[in-house]
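In: Sequence first, then the predicted structure:
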Amino acid sequence: MGGNVKRNGKLINISNTCTIDYYLLAFWYLSKIKKIFYQNETNTQKVQIINEILISIENLNWERARELWTFEINNFNLEENFNSISLFGSEYEKFFQHISIFQRYNLIQRCKKTCIQNNKLIRDDSDNLFFKKINNRVVIYTGYNDKCHICKINKNPRIKLKDNPDFLIIQSINSNIYLNELPKQFRIGKNIFPFLCATIHRRNHFIGIFEVNEELFVIDDLDQSMTPLPSYDKNKPSHFYRYKTTLSLYFLI
């Protein structure tokens, strides 16, 4: 999907926006459930722009929303002789890396209780979180799995979130995690994060899967459709359950 925008008096076509559309829509939908980016002092300028994007979506002005994201958040530099921009690529490159600042956390070592390294800070100010399938179960993974050099026990790190983030976007670390395998919710410390949406990838195109009132819907920005998705039936699953997930968004309750 995409559209035309006027920038500095020049008409510019922005195409292949499926890398950003679903999570911009998710932010707008989440803003209807709770206040997000409210009095967030992490990056006030970026917060102001995102809030302007949400207002644009509220007013059904997707062209303006995409323009703001492309030029003010993504900081896309348009060469003088070009009049088109493609956002084709990865969701990480086009979307996630620009908002990861809002889900920072510290990683704390957990090993033998009597070990002097127990509860030691391993990594400060991280932002990437992953889903990984371990023993046919999808779990949150930080990419850190070393053994303690003193007690020789796996460190099994603990995530300590900063500032109680409004949302967490989790990346599927391998191409083997399917929609029906995603957790309905998860807990980090005392915080509970239920599922809001995920994206799947097929034929060079991303498609959004949203949960609305405990029902799943397939959203495709190509034809701007929203279609109910039947519950998972292992004997006859919908083909949408056969595509791998890429990103998933969970929100703080």
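Out: Received it, and whenever you're ready, just let me know what you need.
In: Show the model's pLDDT score for R202.
Out: pLDDT, R202: 89.
In: now do the one 10 residues further on
Out: Per-residue confidence (pLDDT) for V212: 95.
In: Which secondary structure state is assigned to the closest residue to it other than its chain neighbours?
Out: Nearest residue to V212, sequence neighbours excluded (Cβ to Cβ, 6 or more residues apart in numbering): Y29, at 7.9 Å. Where C-beta positions appear, they are placed from N, C-alpha and C, glycine not excepted. Put simply, Y29 is helix when judged by DSSP: H, G, I helix; E, B strand; the rest coil.
In: how about Y29, what does it touch?
Out: Contacts for Y29 (Cβ atoms under 8 Å, 6 or more residues apart in numbering) come out as 196-197, 210, 212.
In: Just the buried ones from the residues you listed?
Out: By neighbour count, with 16 or more other Cβ atoms under 10 Å, the contacts of Y29 hold 196-197, 210 as buried.
In: related to what we said a few turns ago, in strands, which of the contacts of Y29 fall?
Out: 196-197, 210, 212 (DSSP state E).
In: neighbours of R242, just the number please.
Out: 12 (other Cβ atoms under 10 Å).
In: Please list all residues in contact with it.
Out: When the contact criterion is Cβ under 8 Å, 6+ apart, the partners of R242 are Y178.
In: can you tell me how far it sits from W62?
Out: Distance, R242 to W62, by Cβ to Cβ, to the nearest Å: 29 Å.
In: same deal with I159?
Out: Distance of I159 to W62, given as Cβ to Cβ: 34 Å.
In: Name the residue in those two with the higher neighbour count.
Out: Neighbours per residue, other Cβ under 10 Å: of I159 and W62, the larger number sits with W62, 21 against 16.
In: Having no further points to raise, I will conclude here.
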